[in-house]
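Undergrad: my questions concern the predicted model and sequence given below.
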Amino acid sequence: MIEQLRPGVSAKNARVVLFDFDGTISLIRAGWMDVMVPMMVEILMDLKTGETEGQLRLIVEEFVGRLTGKQTMYQMIELADNVKARGGNPPDPLVYKRMYLDLLHEKIKHRLEELESGVASPEKYLVPGARELLEALHARGLKMYLASGTDQIYMRKEAALLDVDRYFAGGVFGALDDFKSFSKKILIQQVIAKAECKGDQFLGFGDGYVEIENVKEVGGIAVGVATAEPDCQIVDEWKRKRLAGVGADFIIPNFLCRGELLATLFPNGH
């Protein structure tokens, strides 16, 4: 079921497609928020400011959600700022990031092992219908890019395990330790600057508001993948509200509606 927020909009001019990775295509890291938020709440609770766990959770959930789609480092910088604001003496945000990645790895290592050993097929950890949509867009001759706020070294490995990296002739890009040298916004600007496309020839798919906002800023068409993980059968209302709020043209729960979606994006076979 597709929700079209801006009637009459289509991607008939599209030449380039940008996909977010985690939560848009990959489910390997599903549940990452259930690792990051408690870690941050615990760090803030240790400062004993008198704030309740519930109060701190609301603060953390707000900034983690607001920064979803940007490199993980930005969430850790915000955590450090919150520690400092409460009189604490935070370490370099990179220390928090490594702490989080260690905790997350514990949660997802069995998924990686399943994929590496062949026990699980890649489809188990793909948003439903993702491969078929990638095949269809690839067959249309669109140049595709994959970009993520997850560290490049990990997401490239995970894209290969899911056997989706081959669709992205434009490249597979993730976060770097020098976090200011890469962002989805920078990537979009580079693609346009190289004259690969104009803004209205840009089509983007994402479940985080950052990539949707970045695509809309250049005049592109944005599909919000507001999927309720991990089952990915219905729209997550929290995601939907955020994606709609930054200008998503379409909202979908997964890619099983790809026939209808492709017909809407490319009317009259364009």
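TA: Arrived safely.
Undergrad: alpha carbons only for contacts and neighbour counts from here, please
TA: OK.
Undergrad: this protein: helices as residue ranges?
TA: Remark: helices assigned in the chain by DSSP state H are 33-45, 53-66, 72-85, 93-117, 130-139, 152-161, 184-193, 209-217, 237-245, 258-265.
Undergrad: remind me what the first one packs against, helices and strands.
TA: When you say that, I think you mean helix 33-45. Using 3 or more CA pairs under 8 Å, 6 or more residues apart in numbering; DSSP states H and E, the elements in contact with helix 33-45 are helix 53-66, helix 72-85, helix 93-117.
Undergrad: what residues are up against the closest residue in space to Gly23 that isn't next to it in sequence?
TA: Using CA to CA, 6 or more residues apart in numbering and skipping residues adjacent in sequence, the residue nearest Gly23 is Asp207, 6.1 Å away. Counting by CA atoms under 8 Å, 6 or more residues apart in numbering, Asp207 makes contact with 20, 23-24, 69, 224-227, 239, 243.
Undergrad: what would the helices of the chain look like in CSV with distance to Gly199, mean neighbour count and mean pLDDT?
TA: Formatted as CSV, those follow (distance: least, CA to CA, whole Å; neighbours: other CA atoms under 10 Å; pLDDT from 0 to 100):
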stretch, distance to Gly199, mean neighbour count, mean pLDDT
helix 33-45, 32, 18, 98
helix 53-66, 24, 15, 96
helix 72-85, 27, 19, 97
helix 93-117, 34, 15, 97
helix 130-139, 18, 16, 97
helix 152-161, 25, 17, 97
helix 184-193, 7, 17, 88
helix 209-217, 8, 24, 92
helix 237-245, 19, 18, 94
helix 258-265, 16, 17, 95
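Undergrad: in a markdown table, list those helices along with distance to Ile251.
TA: Putting the helices of the chain into a markdown table (distance: least, CA to CA, whole Å) gives the following:
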| stretch | distance to Ile251 |
| --- | --- |
| helix 33-45 | 22 |
| helix 53-66 | 18 |
| helix 72-85 | 24 |
| helix 93-117 | 28 |
| helix 130-139 | 15 |
| helix 152-161 | 24 |
| helix 184-193 | 20 |
| helix 209-217 | 11 |
| helix 237-245 | 7 |
| helix 258-265 | 10 |
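Undergrad: nearest to Phe168 among the ones you listed would be which one?
TA: helix 130-139 (8.5 Å; CA to CA).
Undergrad: so which elements touch the closest one?
TA: Helix 130-139 sits against no helix or strand, with contacts defined as 3+ CA pairs under 8 Å, 6+ apart.
Undergrad: between helix 258-265 and it, find me the angle.
TA: With axes from the mean of the first three to the mean of the last three CA atoms, to 10 degrees applied, the angle from helix 130-139 to helix 258-265 works out at 40 degrees.
Undergrad: circling back: I'd like the contacts of Asp207 as CSV, with distance to Asp92 appended.
TA: Output for the contacts of Asp207, formatted as CSV (distance: CA to CA, whole Å):
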residue, distance to Asp92
Asp20, 27
Gly23, 28
Thr24, 30
Gly69, 21
Gly224, 33
Val225, 33
Ala226, 33
Thr227, 33
Lys239, 30
Leu243, 31
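Undergrad: among the residues you listed, which are in strands?
TA: Mapping the contacts of Asp207 onto strands (DSSP state E) picks out 20, 224-225.
Undergrad: how about a markdown table for those residues, with pLDDT added?
TA: Below are those laid out as a markdown table (pLDDT from 0 to 100):
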| residue | pLDDT |
| --- | --- |
| Asp20 | 95 |
| Gly224 | 97 |
| Val225 | 97 |
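Undergrad: just send these back as JSON lines, with distance to Arg86 and neighbour count too.
TA: Below are the ones in strands among the contacts of Asp207 laid out as JSON lines (distance: CA to CA, whole Å; neighbours: other CA atoms under 10 Å):
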{"residue": "Asp20", "distance to Arg86": "34", "neighbour count": "26"}
{"residue": "Gly224", "distance to Arg86": "36", "neighbour count": "29"}
{"residue": "Val225", "distance to Arg86": "36", "neighbour count": "29"}
